[in-house]
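# Just a sequence and a predicted model for now, questions to come.
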Amino acid sequence: MKAIITVVGKDQVGIMYRVSGILAEYHVNIEDVTQTILQDYFTMIMVVKIDESKSSFHDVDVALHEMAEQQGLSIHVQKEEIFDTMHKI
């Protein structure tokens, strides 16, 4: 299953490191990533593949939200099919 992860927050050292570390811990493969700094704000969008046999979507979502709360970030994780449905005209 694929998922879309968006990360937004005040720029600070280690955001990408912390997000990718959690994904590695849960055996989630990053298939594509784009990130930039808009004025003082870090923004990142990732397409990831979650292997259900090693990690559940829920477990990854909870771990990322816990880290986001600690770091003052906004992180949203959506299943690819929901993301696609929401963005069709």
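Done, it's in. Here the structure is a predicted model, which means the values were calculated and not measured. Residues are numbered from 1 along each chain as shown.
# mind listing the helices for the chain?
Using DSSP state H, the helices assigned to the chain run over residues 15-25, 57-71, 80-86.
# For K2, which of those helices is the nearest?
K2 sits nearest to helix 80-86 of all the helices of the chain, at 3.9 Å, using C-beta to C-beta. (Each C-beta comes from the backbone N, C-alpha and C, glycine too.)
# low-confidence ranges in the chain?
When residues are selected by pLDDT under 70, those of the chain lie in 53, 83-89.
# try 80
Scanning the chain for pLDDT under 80 picks out the ranges 52-54, 80-89.
# so which of the helices of the chain gets nearest Q35?
Using C-beta to C-beta, the nearest of those to Q35 is helix 15-25, at 6.5 Å.
# what's the angle from the closest one to helix 57-71?
Orientation check (axes from the mean of the first three to the mean of the last three C-alpha atoms, to 10 degrees): helix 15-25 against helix 57-71 gives 150 degrees.
# Now render the helices of the chain as a markdown table, adding mean neighbour count and distance to I5.
Shown next, in a markdown table, are those (neighbours: other C-beta atoms under 10 Å; distance: least, C-beta to C-beta, whole Å):
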| stretch | mean neighbour count | distance to I5 |
| --- | --- | --- |
| helix 15-25 | 16 | 7 |
| helix 57-71 | 15 | 7 |
| helix 80-86 | 12 | 10 |
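# I'd like these as JSON lines, with distance to T6 appended.
As requested, the helices of the chain are exported to JSON lines (distance: least, C-beta to C-beta, whole Å):
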{"stretch": "helix 15-25", "distance to T6": "11"}
{"stretch": "helix 57-71", "distance to T6": "11"}
{"stretch": "helix 80-86", "distance to T6": "10"}
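# Many thanks, I have nothing further to ask.
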